[in-house]
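J.: sequence first, then the predicted structure:
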Amino acid sequence: MFEVGVIEEAGAAEVALDPVRARLLQLLAEPHSATGLAAIVGLPRQKVNYHLKTLEAHGLVELVEERRKGNVTERVLRATAASFVISPIALAAVQPDPARSPDRLSARWLLALAARLVKETGQLISGAAKAGKPVATFALDGTVRFASAADRAAFAQELTAAVTELVSRYHDEQAPGGREHRVIVAIHPSIRNAESSGTESKGS
């Protein structure tokens with residue numbers, strides 16, 4: 001089972017977004033049978049089995065083993081990934097395109113870049129899985145606390161200069177057998193939730 005699975009098919013996305021099936025996918029991070037799941041979610045086994053077959057048909061769950069109990073064969077399934085992300089490919093007609101309005105200061109442009117990152121990384125993972133090869137990637141994730149908006153702007157300028165210098169140093173348009181790599185650097189305000197802030201949220 002993978003840590004993250006990418007859903008690229010519209011039908012699979014529709015199936016995964018159903019509340020009951022999403023709950024089953026969550027539970028199937030660990031192997032379960034239809035009978036065991038029915039007891040947890042409070043639904044008839046036949047209905048749970050129907051949902052499981054639908055999930056399996058779209059490659060979201062897989063067979064782990066079959067157990068023989070008397071005259072009945074019990075199928076034990078698990079999700080193909082511990083979590084899932086839906087690629088913009090699943091909504092091909094309306095997927096974001098960063099090239100339409102490139103604005104480095106626009107949060108919506110950043111969102112379009114993130115969507116493209118999900119799409120292209122998903123395609124790389126799918127292609128590498130078929131070829132039986134790993135994907136060469138690298139990422140940084142960190143936090144910086146700015147004292148002022150002016151400091152944030154200065155940081156962005158210095159970061160832009162540093163990345164531009166690195167790209168200029170290593171980019172070789174004429175390198176035989178070379179392969180282009182996408183470079184994305186982003187800055188956005190952190191979102192503080194109840195867990196990260198150490199406080200409890202109160203419902204209205």
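T.: Looks like it arrived, so ask away.

J.: return the set of buried residues in stretch 108-119.
T.: Across stretch 108-119, burial judged by 16 or more other C-beta atoms under 10 Å covers 109-110, 112-119. Where you see a C-beta, it was placed from the backbone N, CA and C, and this is true even at glycine.

J.: show me how far that stretch is from its chain's centre.
T.: Stretch 108-119 sits 12 Å away from the centroid of its parent chain (C-alpha atoms, centre = their mean, to the nearest Å).

J.: domains for this structure, by residue range?
T.: In the domain annotation for the chain, the residue ranges read 2-84, 98-172+181-194 (automatic domain parsing).

J.: run the chain-centre distance for the shortest one.
T.: Shown here is domain 2-84, whose average C-alpha point lies 19 Å from the average C-alpha point of the whole chain (C-alpha atoms, centre = their mean).

J.: cool, stretch 86-98 as well?
T.: Taking mean C-alpha positions (C-alpha atoms, centre = their mean), stretch 86-98 and its chain are 14 Å apart.

J.: please apply the same query to stretch 77-91.
T.: Distance, centroid of stretch 77-91 to centroid of chain: 7 Å (C-alpha atoms, centre = their mean).

J.: please apply the same query to stretch 121-133.
T.: Distance, centroid of stretch 121-133 to centroid of chain: 14 Å (C-alpha atoms, centre = their mean).

J.: tell me which residues in it are buried?
T.: Those buried within stretch 121-133 under the rule 16+ other C-beta under 10 Å are 121-122, 125.

J.: what residues does the host helix or strand of residue 157 touch?
T.: Using DSSP states H and E, residue 157 sits in helix 149-170. Residues outside helix 149-170 that contact it (C-beta atoms under 8 Å, 6 or more residues apart in numbering) are 144, 146, 183, 185, 187.

J.: so what's the fourth one up against?
T.: For residue 185, the residues meeting the contact criterion (C-beta under 8 Å, 6+ apart) are 159, 163.

J.: just the third one next, same as before
T.: Contacts for residue 183 were tallied using C-beta under 8 Å, 6+ apart; they are 163, 167.

J.: again, but for the one 4 residues further on
T.: Contacts for residue 187 were tallied using C-beta under 8 Å, 6+ apart; they are 152, 155-156, 159.

J.: and the gap between it and residue 193?
T.: 19 Å (C-beta to C-beta, to the nearest Å).

J.: same question, residue 149
T.: 24 Å.

J.: for residue 88, same thing?
T.: Taken as C-beta to C-beta, the span from residue 88 to residue 193 is 25 Å.

J.: looking only at neighbour counts, state which of these two leads.
T.: residue 88 (20 against 9; other C-beta atoms under 10 Å).

J.: so what's that one up against?
T.: Residue 88 touches 95-96, 115-116, 118-119, counting by C-beta under 8 Å, 6+ apart.
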